[in-house]
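Enquirer: need the 3D shape of this:
(2 chains)
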Amino acid sequence: MTLNRRQFLATGLAGGTAALVGGRLAHAQSEALRIGVLTPLTGGGAVYGTTMSRMYTLLADEINKAGGIAGKPIQLFTEDAQTNPDAGVRGARKLVDVNKVHAIVGTWSSAVTLAVAPVAVQARIPHFCVSSSPAISTFKDDDFLYRTAYSQAVISSVYATTAQKLGYKTAALLILNNPYGIGLGDSFPARFEKAGGKVTGKVIYNPNQSSYRSEIQQALAGKPDVILFGGYTPDGIQVFKEWFQLGLGGTWMGPGFAFDQKFVQGIGAQAAEGIIVVEGAPNLTSSAYKNANKLFSAAHKDEADFFAAMAYDHLMILALAALAAKGDTAGDALKANIRKVSNPPGKVVGSWADAAGPVNAGEKVNYEGASSAVDFDENGDAKTDFGVYRIKSGKWALDRVIKYTEVSAS
Amino acid sequence: MGTGPRDQVHGGVGQLIGELVHLTVTGILVASLLALGAVGLSLTFGVARFANVAHPDFMMLGAYATFAFNALVGVPFWWAALLGIGAALLVGVPVARLAYDKLPVTGTVQLLVISIGVSFILRHAVLFAFGSSLLQFSVPLQRPYVWGPVRLTPYQLLTLAVAAVLVLAVHLLLSRTKLGRVLRAIADNAVLTEIAGADVGRARLAMWFIAVLLAATGGVLFGLNLVIQPNMGWDLVIPIFSAAIVGGIGNPYGAMGGALVIGLAQEWSTLLIPASYKEAIAFGAMALCLMFRPRGLWGGA
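Expert: Predicted structure coming up:
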């Protein structure tokens, strides 16, 4: 079989999703929107990174099938950040230097995000993350770094509000001896007392001990209505195994990254039953979420979670920004248009089909996202709602949604 | 806002006594796990005259071998534990013989450095084979028996029983058998013992067998009570060495007492100071002991 020059060119350029539109690519004068997907596909964030990568692919396919951005497709280039800052920076350098991407999306761990951010800033391309470190708000990013997740700075207020809404009057803390745990221990009591609660005790534990029995006993000693757990999955498995085997009872509350699927497998559904999980919640009633969920569940037989919703928003905002810039995919052009398409005022839109027409016509739109309203503040942070889940038969079951407005009120 | 441990004693004297009993039980449980490591460590120090940093890694070896038979091959836990301890002996004893008895080095410091190397090799071999995630035996979680403030699961009772039986067996072996006499004689004076015609090589082989057997059993019980991870041996180095030193290093009986002192000191301390310092207490107990009784609480003058 011989290829003519055009076929050869098309085959050479097209890969992955781009193969669908390879013929058109060969004709295109200007550039495709090249997106670097830098999610963790291995390591601690692998579950979330895989979900996010799937969502990026699904949405890129949908937009490309609808004709792409001003006739040009979205191309995705994937690197595994391995939940490891070194690997993240290596991946980012490759995406920037070799693939010449116009934006990086999907960094999950705060350590990876803060390591990759200087690479993106230096290349002057937008960078969307889902990390929660407060340092991401204050990082000097020249407005190139955006996050769709909540900041840990608000999480103490979220726990206080949740405890109050569930009718809990007293709380104790069992927290890991590291900056995250101690930070929670410093900020939660004041917030909870402001919300009318009383803290009965605060116990700090070290990881990898031969026993946690005395720590657990102490945390439960004041018979608190709820015990706030500030640790991670590995130490969580050890602590909760000992807690269950002490048979002392008590209601626990903690973050989604501690009480994840690995945790439930580790201690068993019986011991995990009834634990309260607080995690960012998708913007369930938005048309963006409905579309994201439709795409995701059709392809993967599972509901789109908070992380899938955030991935949907990253790519949609970048695609709309490129469209608003009349197909200019340069980092500065994208940056100049990100808030124009995602923040009010403007016509509220939630899907590519709704938004492409008005944006093409030069109309101002306000994209309401699948993960939140995605209205970015001056730090590039969006404000998300929170879901309060209870573990039932080993799965998270949504109990209620706490609006971000309710959080700042308490 | 009550953040000091004192404020957490809410129910007066009754609750205080309850907590003290709970802490004592926990301390004894911790001590029984530490003792299985510390007795072997002290025995090897007495006979081979060096601090074997890789000793707690024999605990890890027992736990991982048991995990392999139990969770990967699907052997029921009790048989897997026996096979796992056997496998740890098959690996651990030759490794110890090769690294510590057969190499042409004798100095205490050289052997200490070799043992650090052995520790790294064992740990990284396990990391390579099993990965770094934490693992658990496939045994169900248990609910405790409750006798007032005493709460113990069947496995925890088993842990106490196995530790007591093994420590008693070591005692009988050292005090009532010919091998025990030879081992004690080597600990006193290796050269004289050899001159007197005892087979020192065979005695050392027996010593490594006992040390690895105790450690591997301790590792399996540790995994049964908590979780298994490649660093579990490394994490136990300080408490086990503390127990052995408090008991007078080289003295296997002292190591049992030392484990009890460390376990109880660290758990009782949580009544007075925050629990995050309890491991420092174990170290503090060791330091105090070295200041006032440099040869250990049970050490002779």
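Enquirer: so A:Asp302: helix, strand or coil?
Expert: For A:Asp302, the secondary-structure state derived from DSSP: H, G, I helix; E, B strand; the rest coil is coil.
Enquirer: any idea how many residues pack against it?
Expert: By other Cβ atoms under 10 Å in any protein chain shown, the residues close to A:Asp302 number 12. C-beta here means a position set from N, CA and C on the backbone, and glycine is covered the same way.
Enquirer: count of neighbours near the closest residue to it other than its chain neighbours?
Expert: Excluding its sequence neighbours, the residue lying closest to A:Asp302 (Cβ to Cβ, 6 or more residues apart in numbering or on different chains) is A:Phe296, at 7.0 Å. Residues within reach of A:Phe296, counting by other Cβ under 10 Å, total 24.
Enquirer: tell me if I'm right that A:Leu76 and A:Leu58 touch.
Expert: No - with contact defined as Cβ atoms under 8 Å, A:Leu76 does not reach A:Leu58; the gap is 10.7 Å.
Enquirer: what helix or strand does the residue nearest to A:Asp302 sit in?
Expert: Per DSSP states H and E: A:Phe296 is located in helix A:287-300.
Enquirer: just for the stretch 1-150 of chain B, where's the confidence low?
Expert: B:1-11 (pLDDT under 70).
Enquirer: which residues in it form helices?
Expert: In the stretch 1-150 of chain B, the helices defined using DSSP state H, counting those that start in this stretch lie at B:12-48, B:55-67, B:77-96, B:108-130.
Enquirer: what helices and strands are in contact with the last one?
Expert: I take that to be helix B:108-130. The helices and strands touching helix B:108-130, judged by 3 or more Cβ pairs under 8 Å, 6 or more residues apart in numbering or on different chains; DSSP states H and E, are helix B:55-67, helix B:77-96, helix B:232-246.
Enquirer: let's go with 10 Å and repeat that
Expert: On a contact count with 3 or more Cβ pairs under 10 Å, 6 or more residues apart in numbering or on different chains; DSSP states H and E, helix B:108-130 meets helix B:12-48, helix B:55-67, helix B:77-96, helix B:232-246.
Enquirer: I'd like to know which of these lies nearest to A:Trp396.
Expert: Closest approach to A:Trp396 among these (Cβ to Cβ): helix B:55-67, 28.7 Å.
Enquirer: now residue 139: phi and psi?
Expert: If you meant another chain, say so; for now it's chain A. Main-chain dihedrals, A:Phe139, degrees, to the nearest 10: phi -60, psi 140.
Enquirer: wait, chain B was what I had in mind.
Expert: The phi/psi pair for B:Val139 (degrees, to the nearest 10) reads phi -130, psi 140.
Enquirer: around chain A, pick out the residues from the stretch 101-250 of chain B.
Expert: Residues of the stretch 101-250 of chain B lying near chain A by Cβ under 10 Å from any Cβ of the partner chain: B:132-136, B:140-146, B:149, B:151-153, B:155-156, B:222, B:225-227, B:229, B:231-232, B:234-236, B:239-240.
Enquirer: okay, the angle between the helix or strand containing B:Leu260 and helix B:12-48?
Expert: Here B:Leu260, judged by DSSP H and E, is contained in helix B:252-268. Going by axes from the mean of the first three to the mean of the last three Cα atoms, to 10 degrees, helix B:252-268 is angled at 150 degrees with respect to helix B:12-48.
Enquirer: how about the CA coordinates for helix B:252-268, as CSV?
Expert: Taking C-alpha atoms only, helix B:252-268 is exported to CSV below (Å, rounded to 0.1, in the frame of the first residue of the first chain):
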residue,chain,number,x,y,z
PRO,B,252,17.2,-12.4,77.4
TYR,B,253,15.4,-12.4,80.7
GLY,B,254,16.0,-8.7,81.1
ALA,B,255,14.6,-8.2,77.6
MET,B,256,11.2,-9.6,78.7
GLY,B,257,11.1,-7.1,81.7
GLY,B,258,12.4,-4.4,79.5
ALA,B,259,9.6,-4.9,77.0
LEU,B,260,7.1,-4.7,79.9
VAL,B,261,8.7,-1.4,81.2
ILE,B,262,8.7,0.2,77.7
GLY,B,263,5.1,-1.0,76.9
LEU,B,264,3.6,0.2,80.3
ALA,B,265,5.7,3.4,80.4
GLN,B,266,4.5,4.5,77.0
GLU,B,267,0.9,3.7,77.6
TRP,B,268,0.7,5.0,81.2
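Enquirer: so which bits of it are buried?
Expert: Under the neighbour-count criterion of 16 or more other Cβ atoms under 10 Å in any protein chain shown, helix B:252-268 has B:252-268 buried.
Enquirer: and stretch B:21-33, by the same measure?
Expert: B:His22, B:Leu23, B:Thr24, B:Val25, B:Thr26, B:Gly27, B:Ile28, B:Leu29, B:Val30, B:Ala31, B:Ser32, B:Leu33.
Enquirer: A:Ser137 contacts A:Ala382, correct?
Expert: No - using Cβ atoms under 10 Å, A:Ser137 is not in contact with A:Ala382, being 11.3 Å away.
Enquirer: tell me the contacts of A:Ser371?
Expert: Under the criterion of Cβ atoms under 10 Å, 6 or more residues apart in numbering or on different chains, the neighbours of A:Ser371 are A:130, A:148-149, A:280-283, A:286, A:288-289, A:292, A:304-314, A:382, A:384-385.
Enquirer: skipping adjacent residues, who's closest to the residue most central in space within chain B in space?
Expert: The centroid of chain B falls nearest to B:Gly37 when counting by Cα atoms, centre = their mean (1.7 Å). Leaving out its chain neighbours, the residue that sits closest to B:Gly37 by Cβ to Cβ, 6+ apart is B:Ile240, at 4.1 Å.
Enquirer: can you pull the contacts of the one you found?
Expert: If a contact means Cβ under 10 Å, 6+ apart, then B:Ile240 has A:210, B:33-42, B:55-56, B:59, B:215, B:218, B:233, B:255, B:258-259, B:262 as its contacts.
Enquirer: in the stretch 201-350 of chain A, which spans are helices?
Expert: A:213-221, A:233-246, A:261-267, A:269-272, A:287-300, A:306-324, A:331-342.
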